[in-house]
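>>> Sharing a model that was predicted from the sequence below.
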There are 2 protein chains.
Amino acid sequence: MSARPANPHLASDIISAAASIIEENGPEGLTMRDVADRVGYSPTTIYLYFKNKEQLLDETVNRAFEWFADWCEKAQTGPTPIDRLRQTAHAYLDWGLQNPGMYRLMFEWGYLGDISEEAIFARRRSWRGCRQLVEMGAEKGLLPLSLDSGLAADVMWVATHGLVSLAISGRMFGNPGVADPEVVHKRSHMIMDALVDGWLSDWASPGS
Amino acid sequence: MSARPANPHLASDIISAAASIIEENGPEGLTMRDVADRVGYSPTTIYLYFKNKEQLLDETVNRAFEWFADWCEKAQTGPTPIDRLRQTAHAYLDWGLQNPGMYRLMFEWGYLGDISEEAIFARRRSWRGCRQLVEMGAEKGLLPLSLDSGLAADVMWVATHGLVSLAISGRMFGNPGVADPEVVHKRSHMIMDALVDGWLSDWASPGS
DNA sequence: ACCGATAACTTAACACCGTTTAGTGAACAG
DNA sequence: CTGTTCACTAAACGGTGTTAAGTTATCGGT
């Protein structure tokens, strides 16, 4: 959000170029010089539109989170909150499997920079959607809920994130690193179903 | 595992130096020159003992996985498999919270390199321990298991990893990035208990 | 005692990275 | 015509992983 020159498309083009490079080479494979080449300007020009690499990545991530939340919301076509919860979970997984570079940047890249309150709020949009589904399911008695909805949403998110994280890192399924994409896809959706099944059964328990 | 000069302690010292730098500065903050400084040699000497940075990191990770598996096994003091499962889960979480830099390197760092079959087998030691606990719990009727034990272990591992991953990245708990360590510790152990509670209730379910 | 080989290590450089300094050239206001 | 501003760039700085080419010391053989 630094003061920018007039060219109104360039900032957006730079972000698009960064996003496509991230998908091709991963977050660690993104260089300012590559971004500049792709938009047809010199590397210094990037710094007229973004304070530094971190800010460029932050804004790229902000846009990716919007796209990600849209994707998850669009998947919710089922009649009951339970249906929509399962659909959301699988949509989340698919998004991660299809955009592994961006997913890693969004959820695993170092520690968070100095992003604004609005950006934080916007990034958590999909989490709020998840919590709403949990609350709707609990109200209708479809979800046996002994936890508050925020904790339940955290539990679901944590497990879903862990599945995506391991699946895209090639560290799962007996032979870590090998990871035929089709095998990973099939196995991870199977695990996703098992996770959702677990959420739908009773959460109440003896405790520790 | 490249052919190495005679100095028998140096390779191990280099790995130790790398490990401590990773804990101080994170994986992205590790420099070959820093490693060399810390062991008191020139940067080029490191390349006499390790082919490149990737191999140094691989061997550092191998050693960390041993330490990690020891830690998880030592925590299993309870009488029943269920007790030991919960203890293992919390031990896993604590290890991650206390060694965030190494944890990220072990589980989230780019794609896996060309590591040997033995190394892969060794790295999965803690996963096998988890699966054994699940099998013991199921045999004794303590764990209602409608899944095969490998899938059940994957489900548990995935959720536990997701919790650690989000907790150490500062992306959880309403205000991502802020993350007072004590708050993170308390909240993440609460989520861990909720996760374990879920595993102990019935896994059987309608499916999707 | 001397020679050559080898082993352990270092100096100096390479290409590349994020970033900054000091511009260039064109458009425009007076 | 002049001075200013604006969008952009060339060249450099310090830092990175890595390598080529030494340097120095030790040791076996004669």
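Nice, I can see it.
>>> Without its sequence neighbours, what residue ends up closest to the residue nearest to the spatial centre of chain A?
Central residue of chain A (C-alpha atoms, centre = their mean): A:Tyr103, 5.1 Å from the mean position. Of all residues not flanking A:Tyr103 in the chain, A:Gly96 sits nearest, at 4.4 Å (C-beta to C-beta, 6 or more residues apart in numbering or on different chains). Heads up, the C-betas are built off the backbone N, CA and C, glycines and all.
>>> So stretch A:88-104, near DNA strand C or not?
No - Stretch A:88-104 lies out of reach of DNA strand C by C-beta under 7 Å from any atom of the strand, never closer than 14.5 Å.
>>> Can you mark which positions in that stretch are buried?
A:88-97, A:99-104 (16 or more other C-beta atoms under 10 Å in any protein chain shown).
>>> any idea which of those is closest to chain B?
Nearest to chain B, judged by C-beta to the nearest C-beta, of those is A:Arg104 at 7.2 Å.
>>> tell me the pLDDT at the closest one?
pLDDT, A:Arg104: 97.
>>> Secondary structure element for it, which one?
In this assignment (DSSP states H and E), A:Arg104 forms part of helix A:100-108.
>>> how far does that helix sit from the chain's center?
7 Å (C-alpha atoms, centre = their mean, to the nearest Å).
>>> Point out the other helices and strands that the next helix or strand along the chain from it packs with.
For helix A:100-108, the following helix or strand on the C-terminal side (DSSP H and E) is helix A:117-123. On a contact count with 3 or more C-beta pairs under 8 Å, 6 or more residues apart in numbering or on different chains; DSSP states H and E, helix A:117-123 meets helix A:53-74.
>>> got the contact list for the residue nearest to A:Tyr103?
Residues in contact with A:Gly96 (C-beta atoms under 8 Å, 6 or more residues apart in numbering or on different chains) are A:103, A:164-165, A:167-168.
>>> helix/strand/coil for it?
helix (DSSP: H, G, I helix; E, B strand; the rest coil).
>>> Next, find the distance separating it from B:Arg123.
Distance, A:Gly96 to B:Arg123, using C-beta to C-beta, to the nearest Å: 22 Å.
>>> before we move on, what about A:Ile21?
Distance, A:Ile21 to B:Arg123, by C-beta to C-beta: 31 Å.
>>> Repeat that for A:His90.
Taken as C-beta to C-beta, the span from A:His90 to B:Arg123 is 29 Å.
>>> same thing with A:Met136?
Distance from A:Met136 to B:Arg123, by C-beta to C-beta: 41 Å.
>>> Buried ones in the helix or strand bottoming out on mean pLDDT in chain A, by neighbour count?
Across the helices and strands of chain A, mean confidence by mean pLDDT, DSSP states H and E is lowest for helix A:125-139: a mean of 84. Residues A:125-127, A:129-131, A:133-138 are the ones in helix A:125-139 that count as buried (16+ other C-beta under 10 Å).
>>> I'd like those residues as JSON lines, with distance to B:Arg33 appended.
What follows is the buried residues of helix A:125-139, written out as JSON lines (distance: C-beta to C-beta, whole Å):
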{"residue": "A:Arg125", "distance to B:Arg33": "43"}
{"residue": "A:Ser126", "distance to B:Arg33": "41"}
{"residue": "A:Trp127", "distance to B:Arg33": "41"}
{"residue": "A:Gly129", "distance to B:Arg33": "46"}
{"residue": "A:Cys130", "distance to B:Arg33": "45"}
{"residue": "A:Arg131", "distance to B:Arg33": "47"}
{"residue": "A:Leu133", "distance to B:Arg33": "50"}
{"residue": "A:Val134", "distance to B:Arg33": "50"}
{"residue": "A:Glu135", "distance to B:Arg33": "53"}
{"residue": "A:Met136", "distance to B:Arg33": "55"}
{"residue": "A:Gly137", "distance to B:Arg33": "55"}
{"residue": "A:Ala138", "distance to B:Arg33": "55"}
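>>> element containing whichever residue of chain A sits closest to chain B, please.
Using C-beta to the nearest C-beta, A:Gly162 is the residue of chain A that sits closest to chain B, at 2.3 Å. Assigned by DSSP H and E, A:Gly162 falls within helix A:149-169.
>>> and that helix, average pLDDT?
92.
>>> same question, stretch A:24-39
pLDDT averaged over stretch A:24-39 gives 98.
>>> Distance of the residue nearest to A:Tyr103 relative to A:Phe65?
13 Å.
>>> Kindly report the residues of chain A close to DNA strand C.
A:30-34, A:43-44, A:47, A:52-54.
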